[in-house]
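In: Got a predicted structure plus its sequence, pasted below:
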Amino acid sequence: MRKIILYIAQSLDGKIARLNGDVDWLERFPNPEDEDYGYASFYASVDVTLMGNRTYEKILSFGIDFPYADKENYVFTQQKGKQDTKFVKFIGDDLVSFVRVIKKEEGKNIWLVGGSEINTLLFNEGLIDEIYLFTMPVTLGEGIPLFTDQLAERQLHLAEVSSYSSGVILKKYRLLEE
């Protein structure tokens, strides 16, 4: 069975974006070694992305080519009438059942890109297998949290910790079976 991996960065105070969804703060660190923090290797290990509609809309606002064009991409939305695009399929109904089905399909791992509502939904349903959590050396004060307030209590296993000269810390967690 494929794994769903939440691969995401947060500020030291647990925010994944500013209140308006901006992630400009991710680019404000010195990175003298031009470290990719394992991104290329991780990206090669997945063939599907999952994300919420606000995350998708924010990616589109960057004014760049869609960054995951070589993957199957699913955007979860409650907006009716969204039309699939060349790179994205919109999923509006029974998200949990949909994720359970694609998790059982053949293929590489699945990247849960975010945001907080879909992170919480899949976490609470026990569908996230691993979390790669990059903590950036910055505080935002206000912002969008990693998870919403409705997060279920779950046990996790800290599998690995890595630190980088930029001050970034990666913690890899595996969720324990209940």
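Out: In hand now; what should we look at?
In: Just give me the neighbour total for residue 8.
Out: 18 (other Cβ atoms under 10 Å). In this view, the C-beta of every residue, glycine as well, is placed from N, C-alpha and C.
In: Give me the nearest residue to it, chain neighbours excluded.
Out: residue 114 (5.5 Å; Cβ to Cβ, 6 or more residues apart in numbering).
In: do the same with residue 155
Out: Spatial nearest neighbour of residue 155, excluding adjacent residues (Cβ to Cβ, 6+ apart): residue 176 at 4.4 Å.
In: cool, residue 147 as well?
Out: That would be residue 120: by Cβ to Cβ, 6+ apart, it lies 4.7 Å from residue 147.
In: which stretches of the chain form helices?
Out: Listed in chain order, the helices of the chain (DSSP state H) span 39-44, 53-60, 95-104, 116-124.
In: Most tightly packed of those helices?
Out: With neighbours defined by mean count of other Cβ atoms under 10 Å, none of the helices of the chain is more surrounded on average than helix 116-124, at a mean of 21.
In: Which residues does that helix contact?
Out: 4, 6, 8, 16, 50-52, 55, 76, 95-96, 99, 112, 128, 144-148, 150-152, 154, 175 (Cβ atoms under 8 Å, 6 or more residues apart in numbering).
In: Check which helices and strands the helix or strand of the chain with the lowest mean pLDDT sits against.
Out: Lowest by mean pLDDT, DSSP states H and E among the helices and strands of the chain is helix 53-60, with a mean of 94. The elements that helix 53-60 packs onto, with contact taken as 3 or more Cβ pairs under 8 Å, 6 or more residues apart in numbering; DSSP states H and E, are strand 72-76.
In: can I see the domain layout of this protein?
Out: Domain assignment of the chain by automatic domain parsing yields the ranges 1-46+118-178, 48-106.
In: tell me the centre residue of the protein?
Out: residue 113 (2.5 Å; Cα atoms, centre = their mean).
In: which residue packs closest to the most far-flung residue of the chain relative to its centre, ignoring adjacent ones?
Out: Centroid-distance maximum for the chain: residue 32 at 25.4 Å, with Cα atoms, centre = their mean. Of all residues not flanking residue 32 in the chain, residue 165 sits nearest, at 6.8 Å (Cβ to Cβ, 6+ apart).
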